[in-house]
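Undergrad: just to be clear, the model below is a prediction. Sequence and coordinates:
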Amino acid sequence: MTDAADTDGPGTTGTEGPGEIGSTLGPDGSSTLGPDGSGTGPPAEVGAAARLQQLFEGRRLTPAQRRIAHFLVLQAADAPYLSSVELARLAGVSQPSVTRFAAVLGFDGYPALRARLRAVASPGHGATGRPANPYQRAVQAEIDNLRTLASLLTDPGPVEHAGGLLAASRPLPVLGLRASAAQARGFAYFAAKVHPDVRLLDEGGSLLADRVDAARQAGASALLCFALPRHPRELLDALAHARATGLTVVTVADGTFAPVAAHSDVLLPAAVGTGLVFDTVGAPMLLGRILLEAMCDALPLAQARLEEFDARAAARGLFVD
């Protein structure tokens with residue numbers, strides 16, 4: 001029997017039944033940690049978030065337990081020092097859910113799990129040994145996110161596959177609403193230098209579906225979406241509509257737990273920093289540039305188009321020397 005927090009509540013995503021946390025680190029998909037959290041684990045330089053992620057991978061978890069795992073990864077420096085009641089409140093689940101989560105991972109109880117989390121997570125202290133200030137901790141969180149991204153890119157296959165899909169789409173719609181609009185706009189700006197027809201979709205409303213339809217009717221085969229918190233409801237509707245029209249949806253999201261996962265054919269995760277008033281998005285921005293590089297590699301005329309642009313820019317005196 002499960003309580004309500006195991007099946008619903010704020011932030012619930014995924015399927016109705018238990019879901020499996022798949023490997024997002026090792027190139028062979030295997031875990032180096034045993035059921036009790038022991039083992040060699042990934043190298044220290046991978047970062048606290050990646051080390052915690054590997055502790056959870058390969059587990060079949062309920063939606064509530066996935067929320068707990070997601071919270072622990074996002075708050076890798078602080079979460080291991082919370083009580084079970086505090087963790088439950090911040091993750092939006094019940095306290096018994098936290099206890100069951102510890103048992104699923106093979107621990108006798110939450111205190112044993114917390115001890116293991118403290119061993120693998122960043123201590124959150126600066127070089128002087130004093131607690132880092134909020135600004136330093138925000139920077140350190142971004143460093144950890146970038147290290148996690150570097151680990152994910154050990155297997156470049158998903159990014160290369162996504163780059164090929166985007167290169168082949170004529171036109172190429174690039175979608176990003178609200179907080180994600182800046183990421184979509186930056187990608188579209190550079191992509192237009194090498195791709196013959198890029199269409200930026202950065203405004204919602206009733207016309208958004210029309211613009212998706214127009215891109216599809218013009219020959220588009222794929223759509224790129226940037227989906228970072230908070231996720232607008234109309235973004236999910238737009239992705240569902242895009243897939244219904246036959247478009248292949250490639251999404252850069254804040255993680256595999258994101259609500260857009262169910263509406264994406266290819267999901268490329270990159271964590272955001274949550275330690276400041278507004279999220280920091282260093283890892284998603286870099287992943288967007290990496291995806292752009294993969295698209296350029298799949299476009300045979302990319303280099304020629306860049307050279308033509310440079311020649312025109314020089315003739316117009318476009319840039320300051």
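TA: Structure's in. What do you need? Numbers count the residues shown, from 1 in each chain.
Undergrad: how about stretch 56-65: buried residues?
TA: Buried residues in stretch 56-65, counted by 16 or more other Cβ atoms under 10 Å: 56-57, 59, 61-65. Where you see a C-beta, it was placed from the backbone N, CA and C, and this is true even at glycine.
Undergrad: of those residues, which belong to helices?
TA: Counting by DSSP state H, the buried residues of stretch 56-65 place 56, 63-65 in helices.
Undergrad: burial measure for Ala302, as a count.
TA: 18 (other Cβ atoms under 10 Å).
Undergrad: hang on, I meant Val277
TA: Residues near Val277, counting by other Cβ under 10 Å, number 6.
Undergrad: same question, Ala215
TA: Residues within reach of Ala215, counting by other Cβ under 10 Å, total 26.
Undergrad: wait, a strand at it?
TA: No: in this structure, Ala215 is helix, not part of a strand, as judged by DSSP: H, G, I helix; E, B strand; the rest coil.
Undergrad: list the contacts for it?
TA: 171, 173, 199, 223, 247 (Cβ atoms under 8 Å, 6 or more residues apart in numbering).
Undergrad: and if you look at Phe278?
TA: Residues counted as contacts of Phe278 (Cβ under 8 Å, 6+ apart): none.
Undergrad: switch the contacts of Ala215 over to JSON lines; also include secondary structure and distance to Pro259.
TA: Shown next, in JSON lines, are those (DSSP: H, G, I helix; E, B strand; the rest coil; distance: Cβ to Cβ, whole Å):
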{"residue": "Pro171", "secondary structure": "coil", "distance to Pro259": "27"}
{"residue": "Pro173", "secondary structure": "strand", "distance to Pro259": "20"}
{"residue": "Arg199", "secondary structure": "strand", "distance to Pro259": "24"}
{"residue": "Leu223", "secondary structure": "strand", "distance to Pro259": "17"}
{"residue": "Leu247", "secondary structure": "coil", "distance to Pro259": "19"}
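Undergrad: identify the farthest-apart pair in those.
TA: Farthest pair in the contacts of Ala215 (Cβ to Cβ) is Arg199 and Leu247. Separation: 12.0 Å.
Undergrad: show me where the protein has its strands.
TA: Counting by DSSP state E, one finds strands in the chain at the ranges 19-20, 60-61, 172-175, 198-201, 222-227, 248-253, 266-269.
Undergrad: make TSV from those strands and add distance to Leu286 to it.
TA: Shown next, in TSV, are those (distance: least, Cβ to Cβ, whole Å):
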stretch	distance to Leu286
strand 19-20	28
strand 60-61	28
strand 172-175	17
strand 198-201	20
strand 222-227	13
strand 248-253	10
strand 266-269	11
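Undergrad: least reliable of the ones you listed going by mean pLDDT?
TA: Confidence, taken as mean pLDDT, is least for strand 19-20 of the strands of the chain (a mean of 44).
Undergrad: contacting residues around the spatially closest residue to Leu208 that is not a sequence neighbour?
TA: Counting by Cβ to Cβ, 6 or more residues apart in numbering, Leu208 lies nearest to Ala238, which is 5.3 Å off, once chain neighbours are set aside. Applying Cβ under 8 Å, 6+ apart to Ala238 gives the contacts 175, 177, 201, 204, 208-209, 212.
Undergrad: quick one, which of those residues are buried?
TA: Listed as buried from these are 175, 177, 201, 204, 208-209, 212; burial here means 16+ other Cβ under 10 Å.
Undergrad: among these, which are located in helices?
TA: Under the assignment DSSP H, the buried ones among the contacts of Ala238 contribute 208-209, 212 to helices.
Undergrad: CSV for those, including distance to Leu166 and pLDDT?
TA: Below are those laid out as CSV (distance: Cβ to Cβ, whole Å; pLDDT from 0 to 100):
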residue, distance to Leu166, pLDDT
Leu208, 20, 97
Ala209, 21, 96
Val212, 16, 98
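Undergrad: now, which of these sits nearest Glu142?
TA: Lowest distance from Glu142 to these (Cβ to Cβ) belongs to Leu208, with 30.9 Å.
Undergrad: show me what contacts that closest one?
TA: Residues near Leu208 by Cβ under 8 Å, 6+ apart: 201, 234, 238.
Undergrad: and which of the residues you listed is nearest to Glu293?
TA: Leu201 (22.2 Å).
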